[in-house]
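Peer 1: Sequence and predicted structure, then a few things I'm wondering about:
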Amino acid sequence: MSVAGTEVPGYGPVSRPRAPLTLTLVHATALVLTFLSLAATCWHGLDERGTALAFGILIAVGELTRWSGAEERESAPLGAAGALSYALLAEQAGRPTHHGVPQVVAVVSAAALLGCVPHVARGRGPTADHLTRRVLTVAFAAVCFQPLYSQGRLMGRGGPSYALLLVALLVLTALCDAVLAAAMAHARTRWPFGPLLRDELRAMLGIGSAVCATGAVMSLAVAVVGLWALPVFSLPLLLTQLSFRRYAAVRVTYRQTIASLARATEIAGYTPAGHARRVAALSRAVGRELGLSEPDLTVLEYAALMHDIGQLSLVDPVPAGATSVLSAEEQRRIALLGGAVVRQTGVDAEVAVVVERQADPYREQPVTARIVRAVNAYEELAREAGPGGPLTALEKLRLATARDYQPEVVESLARVLLRDSLTLPQAG
């Protein structure tokens, strides 16, 4: 489900809201900081031009090699590592450097913008959020490190203590980036801040840790052997990026396979066209509203796609695939058969459990099963009710919260529908 103004499959268009004030202020802060840094650098001149050019090229190449549509939080790890390394650079081949915070921000901003040009030309350019996070995160690292170095407080430091200092600064910078990313996502989507921050922190354990480690190693290596260390230490991160890209491609293929399996009920005429996709999109949005983590959201989405797979056991299709008209025993039989089918496909066992528990009272269900059950019922009721279907469907769900649907899930569903202004579900 998109909250940015695109069209949810099977639903009417979602209106594109204005950017929240908080998000606008963050973007404006990054823009003003970039402008002031570029102006100061142009006024005072560029210190160590060779070093600035080398890091600028590295950051630009990192942005050029980024990939779009990746599930990882950092889609340009080489650019991020190069930017952090330049912000924490104190020496170059044994010679002290003299660039300050404005030059760091100016070089990183200019290089990132240059690297984004081909992506923008192909219509796959990074969002303003991506560039804002890059500028503010690097500025935070430079502000923490460069004044200490320029005031001589780091002179004479070396060995493990200096390396630990760099690692500590990188950890603080990563935490700052995670908080900033979660705050921006919260401002844009109004999803709960806590779960968003938790997901960002969890992502730090992936490629985020590789970015921080590479940034620290690059800074230390350039201080000893010079700029030749940049291409040498860029290669491992490029290989890591390639591995993550392949992993992301596998996950996309995996999801497409599940979506294809879910369409079996539609092709056989057991459920309306697009029903599974609509339930999956809306279930994921409700899960976000309730604060589920990314792994739980993935299980929720897969289960929503395959929740009707058990209907293939029916001799005669249920009209419009609405199993709510069947007896409790028949609903439970279909749910168990659906779970058995899911297990045979090799999908995660948690997905099978959600499918199997669809016919149970909601107090005995896991939260993901409660969400799928409520959203599936809403989609069926709204489709049958005609004009005014969403309001009628929500009212019927509220009246059935004593046994069939969890009140918190129903109210979360109502908030999602109200916020995103979804129209009556449509087939296709």
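Peer 2: Yep, that arrived.
Peer 1: how about the nearest residue to Val105, chain neighbours excluded?
Peer 2: Once flanking residues are discounted, Val105 sits nearest to Ser37: 3.8 Å by Cβ to Cβ, 6 or more residues apart in numbering. To be clear about C-beta, it is placed using only N, CA and C from the backbone, and glycine gets the same treatment.
Peer 1: tally of neighbours for that neighbour?
Peer 2: Ser37 sits with 24 neighbouring residues when counted by other Cβ atoms under 10 Å.
Peer 1: pLDDT weak spots in the protein?
Peer 2: 1-19, 67-74, 124-126, 151-159, 315, 319-325, 385-387, 420-428 (pLDDT under 70).
Peer 1: the longest helix in it is where?
Peer 2: Of all segments of type helix in the chain, defined using DSSP state H, the longest is helix 229-262.
Peer 1: So which bits of that helix are buried?
Peer 2: Using 16 or more other Cβ atoms under 10 Å as the test for burial, helix 229-262 gives 229-230, 233-234, 237, 240-241, 244-245, 248, 258-259, 261-262.
Peer 1: Pro96 contacts Ala90, doesn't it?
Peer 2: Yes: contact criterion Cβ atoms under 8 Å: Pro96 and Ala90 qualify, at 6.9 Å.
Peer 1: out of these two, which sits in the busier spot?
Peer 2: Ala90 (20 against 12).
Peer 1: Is the residue nearest to the more buried one when sequence neighbours are not counted within a helix or a strand, and which one?
Peer 2: Closest residue in space to Ala90, ignoring its immediate chain neighbours: Tyr149 at 5.0 Å, by Cβ to Cβ, 6+ apart. Taking DSSP states H and E as the criterion, Tyr149 maps to helix 128-150.
Peer 1: which one of the buried residues of helix 229-262 is nearest Thr189?
Peer 2: Minimum distance to Thr189 across these is 21.6 Å, recorded for Ala248 (Cβ to Cβ).
Peer 1: For the residue nearest to Ala90, grab the count of nearby residues.
Peer 2: Neighbours of Tyr149 using other Cβ under 10 Å come to 19.
Peer 1: Quick check: it touching His98?
Peer 2: No: the criterion here is Cβ under 8 Å, and Tyr149 misses it with His98 at 9.6 Å.
Peer 1: on that earlier part again, shared neighbours of Pro96 and Ala90, anything?
Peer 2: When contacts are counted by Cβ atoms under 8 Å, 6 or more residues apart in numbering, Pro96 and Ala90 have no shared neighbour.
Peer 1: so how far is Val101 from Phe145?
Peer 2: Counting by Cβ to Cβ, to the nearest Å, the gap from Phe145 to Val101 is 9 Å.
Peer 1: Could you check which of these two has the larger neighbour count?
Peer 2: Taking neighbours as other Cβ under 10 Å, Phe145 and Val101 compare with Phe145 leading, 24 against 21.
Peer 1: Pull the contacting residues for that one.
Peer 2: Ala87, Leu88, Ala90, Leu169.
Peer 1: which two from these end up farthest apart in space?
Peer 2: Ala90 and Leu169 (11.6 Å).
Peer 1: Pretty sure Ser219 sits against Ser85.
Peer 2: Yes: here Ser219 reaches Ser85: they are 4.6 Å apart, a contact under Cβ under 8 Å.
Peer 1: Give me the secondary structure label for Gly123.
Peer 2: coil (DSSP: H, G, I helix; E, B strand; the rest coil).
Peer 1: Give the other helices and strands that the longest helix of the chain contacts.
Peer 2: Applying 3 or more Cβ pairs under 8 Å, 6 or more residues apart in numbering; DSSP states H and E, one finds that helix 229-262 contacts helix 49-64, helix 77-87, helix 209-225, helix 275-289, helix 294-305.
Peer 1: Measure how far the shortest one is from the centre of its chain, please.
Peer 2: A distance of 21 Å separates the centroid of the chain from that of helix 77-87, by Cα atoms, centre = their mean, to the nearest Å.
Peer 1: Check the longest one too.
Peer 2: Chain-centre distance of helix 209-225: 26 Å, with Cα atoms, centre = their mean.
Peer 1: Just put the helices and strands packed on helix 229-262 in TSV and tack on distance to Ala121 and mean neighbour count.
Peer 2: As requested, the helices and strands packed on helix 229-262 are exported to TSV (distance: least, Cβ to Cβ, whole Å; neighbours: other Cβ atoms under 10 Å):
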stretch	distance to Ala121	mean neighbour count
helix 49-64	12	20
helix 77-87	18	29
helix 209-225	26	21
helix 275-289	30	26
helix 294-305	31	23
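Peer 1: As a markdown table, these with distance to Ala111 would be great.
Peer 2: What follows is those, written out as a markdown table (distance: least, Cβ to Cβ, whole Å):
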| stretch | distance to Ala111 |
| --- | --- |
| helix 49-64 | 4 |
| helix 77-87 | 8 |
| helix 209-225 | 15 |
| helix 275-289 | 34 |
| helix 294-305 | 31 |
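Peer 1: who wins for proximity to Val416 among these?
Peer 2: That would be helix 275-289 among those, by Cβ to Cβ, at 4.7 Å.
Peer 1: chain center to that closest one: distance?
Peer 2: 16 Å.
Peer 1: repeat for stretch 86-98
Peer 2: 34 Å.
Peer 1: What is the burial count for the closest residue to Ser150 other than its chain neighbours?
Peer 2: The spatially closest residue to Ser150, leaving aside those adjacent along the chain, is Gly100, at 6.6 Å (Cβ to Cβ, 6+ apart). A total of 19 residues lie near Gly100 under the criterion other Cβ under 10 Å.
Peer 1: got a list of what Gly100 touches?
Peer 2: Counting by Cβ under 8 Å, 6+ apart, Gly100 has contacts Ala142, Gln146, Ser150.
Peer 1: unless I'm mixing things up, the first one is touching Ala87, no?
Peer 2: Same thing as Ala142. Yes: checked against Cβ under 8 Å, the pair Ala142 and Ala87 is within contact range at 4.1 Å.
Peer 1: Can you pull the residues that touch both of the two?
Peer 2: Common neighbours of Ala142 and Ala87 are listed as Val104 (criterion: Cβ under 8 Å, 6+ apart).
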